[in-house]
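J.: The following comprises the amino acid sequence and a computationally predicted model.
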Amino acid sequence: MASGCREYTVSILGDTHFDASPTELYHGKWVPRGPKDLRDRKYEFARNSDMWADRLPRLIAAAAKTRRDDTAFLLHVGDLIQGDCTDYGIQLKMLRDAQAACIRGFGDLPFVVACGNHDIRGGGERAVDDFVRPLARRMTGRTIDGASFSFWHGPDAFVIVDFMRPDAALINRMLDETEGARYTFFVLHSPIAASDTWGPYWFLLGKPCDTEARRALFARLVARNAIVLCGHLHVTQIRRWRRDGGELVEFCSNSVWRPQEDKPSELATTPAQFGEYARAHPTPMHEDHDGCLQTRTQEEILALQDEYRPGLVEYRKYRAAGHYLLRVSDGGVAVDFYACDSLSPTETFKLKFMV
């Protein structure tokens, strides 16, 4: 176990979906799979280019200004880029261009990334691995395979998981290697459990064939009193479970700053509201275009959510985008949320007891 660094901060960015105009710059080789794919991607390409023309550079500049002298590294929880390049060289260039845009103003601060579905989408597996490898080496001091790795910062463990290519054995081995940590930060792009949004089936080990592994992992993280840091949902959200004497808290970040996120708005404030969205939107879900999960019926989605209802003691969800500062000390762990390009905290979320 590493020592020292008992009090520090980490700057956090949620999904950023880096992209730029003209579309041909990164997507010149992309070919749609059908009318829906074409419609969806055209919307996303336009949304991203609009964000990156002004709002995202302002948000990142604000994040750089709110870093502190004790900020250890910049953490990105995935979907760094839009993807859809269909070419190794272009995808790798997009990832590196996005990194340059995100670290501007952060100096030589280390950059840690959890692989998201967009980072890998469009045949980008090898590009993501080659992009992550030198970043991970800086934190771990060793060469890794893939995009999952773990490292110590002071007495705390950071376990970074590639949820698109989940390896339960590797995840458990990383947890074994970091036993005894003061705090365990389990970092991935997707939620750790079924959510109540447009894609409730998007979570780690979410395929039906992985049911036993995901249940065992969830129980282990609860027993470990882990802190999950994730993204993907395009909301700012906190969920807290208490089961069998343990506690698991999950915090979801979002930096997709669309016009409707100019002012944060509440979507849910109590555990009783978990599942309201799914019940109000009964359209059966289909396999996602990223091929991550198998088809789920509405009944299966509601049953998945029911699995995660017991022990859920805190559930707050906001339509809100911004940047975040994780504060860690012996007294506890908190996240300061800065809406959009704000330079002062909009709200503080207490993840572990803060004195």
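T.: Great, that's in hand.

J.: Surely V187 is in a helix?
T.: No. Counting by DSSP: H, G, I helix; E, B strand; the rest coil, V187 falls outside a helix, being strand.

J.: Could you give the bridge partners of it?
T.: Assessed by DSSP bridges, V187 has beta-bridge partners I160, L229.

J.: Pull the number of nearby residues for it.
T.: Neighbour count of V187, defined by other C-beta atoms under 10 Å: 22. The C-beta positions use only the backbone N, C-alpha and C, and glycine is treated the same way.

J.: And the one 10 residues further on, by the same measure?
T.: Each residue near T197 was counted by other C-beta under 10 Å, and the total is 19.

J.: Which residue, neighbours along the chain excluded, lies closest to it?
T.: L233 (5.0 Å; C-beta to C-beta, 6 or more residues apart in numbering).

J.: which residues does the one you found contact?
T.: Applying C-beta atoms under 8 Å, 6 or more residues apart in numbering to L233 gives the contacts 191, 195, 197, 199, 252, 254.

J.: per-residue confidence at it?
T.: Model confidence at L233, given as pLDDT, is 95.

J.: Quick check: it vs F185, distance?
T.: Noted for L233: a distance of 18 Å to F185, by C-beta to C-beta, to the nearest Å.

J.: what sits up against the helix or strand that contains L175?
T.: Per DSSP states H and E: L175 is located in helix 168-177. For helix 168-177, the external contacting residues (C-beta under 8 Å, 6+ apart) are 146, 148-150, 159, 161, 184, 205, 210, 213, 216-217, 220, 224.

J.: shaky segments in the protein?
T.: 1-4, 283-295, 354-355 (pLDDT under 70).

J.: The residue nearest to R55 when sequence neighbours are not counted: neighbouring residues, count only.
T.: Of all residues beyond its chain neighbours, the one nearest R55 is W257 (4.5 Å), with distances taken as C-beta to C-beta, 6+ apart. W257 has 25 neighbours, counted by other C-beta under 10 Å.

J.: ditto for N172
T.: 14.

J.: again with D37
T.: Neighbour number of D37 under other C-beta under 10 Å is 14.

J.: Next one: it from P155, what distance?
T.: For D37 relative to P155 (C-beta to C-beta), the value is 47 Å.

J.: before we move on, what about M51?
T.: 37 Å.

J.: Just want to know which of those two has more residues nearby.
T.: M51 (22 against 17).

J.: my guess is the more buried one contacts A20, does it?
T.: No. Applying C-beta atoms under 8 Å, one finds M51 not in contact with A20, separated by 10.5 Å.

J.: Restricting to C-alpha, output stretch 247-254 in CSV.
T.: Extracted C-alpha coordinates of stretch 247-254, given in CSV (Å, rounded to 0.1, in the frame of the first residue of the first chain):
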residue,chain,number,x,y,z
GLU,A,247,-22.5,0.7,2.0
LEU,A,248,-22.0,1.4,-1.7
VAL,A,249,-22.4,4.9,-3.0
GLU,A,250,-22.4,5.7,-6.7
PHE,A,251,-21.9,9.2,-8.2
CYS,A,252,-22.6,9.9,-11.8
SER,A,253,-21.0,12.9,-13.6
ASN,A,254,-22.1,14.7,-16.8
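
J.: buried residues in it?
T.: 247-254 (16 or more other C-beta atoms under 10 Å).

J.: Give me the residues contacting that stretch.
T.: 12-15, 77, 191-193, 218, 221-222, 225-241, 261, 314, 320-322, 324, 335, 349, 351-352.

J.: do the same with stretch 50-57
T.: 16-21, 101, 255-258, 340-341.

J.: Report how far apart the opening and closing residues of it are.
T.: Using C-alpha to C-alpha, to the nearest Å, the end-to-end distance of stretch 50-57 comes out at 11 Å.

J.: In it, which residues are buried?
T.: Quick answer for stretch 50-57 (16+ other C-beta under 10 Å): 50-52, 55-56.

J.: Out of those residues, which is nearest to L95?
T.: L95 lies nearest to W52 out of these, by C-beta to C-beta, at 14.5 Å.

J.: What separation is there between that closest one and T178?
T.: 36 Å.

J.: do I103 as well
T.: I103 is 26 Å from T178, by C-beta to C-beta.
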